[in-house]
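Undergrad: Here is my input; please provide its structure:
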Amino acid sequence: MNNIKQPQQQTERVIREAECRQLTGICRTTRYMMEKEGSFPARRKLGGRAVGWLLSEVAAWQ
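TA: Next up, the predicted model:
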């Protein structure tokens, strides 16, 4: 029996528009302006027209 604990690999969760708005309380337009200024985490392209934010980056911003 192997009793050595392996470090758990955490997967980064991507949040979409509605969840980002709910977590931050900031509307889309304001967040996009803040992102352009560098005062809010940048969106990540998910494919096609879909974008999202890394939950860890939004949490660190708060």
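
Undergrad: Need phi/psi at Gly47.
TA: The phi/psi pair for Gly47 (degrees, to the nearest 10) reads phi 130, psi 140.

Undergrad: if I look at it, how far off is Trp61?
TA: 24 Å (CB to CB, to the nearest Å). Any C-beta I mention is one placed from the backbone N, CA and C, and that applies to glycine too.

Undergrad: more neighbours, those two?
TA: With neighbours defined as other CB atoms under 10 Å, Gly47 and Trp61 compare such that Trp61 has more, 13 against 6.

Undergrad: nearest residue to that one other than its sequence neighbours?
TA: Ranked by CB to CB, 6 or more residues apart in numbering and with sequence neighbours excluded, the top spatial neighbour of Trp61 is Pro41, at 5.6 Å.

Undergrad: who's in contact with that neighbour?
TA: Glu35, Trp53, Leu54, Glu57, Val58, Ala60, Trp61 (CB atoms under 8 Å, 6 or more residues apart in numbering).

Undergrad: can you tell me which of those are in strands?
TA: By the criterion of DSSP state E, membership of the contacts of Pro41 in strands covers Trp53, Leu54.

Undergrad: Looking at the contacts of Pro41, which is nearest Arg16?
TA: Trp53 (8.2 Å; CB to CB).

Undergrad: From what I see, that closest one and Ile15 are in contact.
TA: Yes: counting by CB atoms under 8 Å, Trp53 touches Ile15, with 5.5 Å between them.
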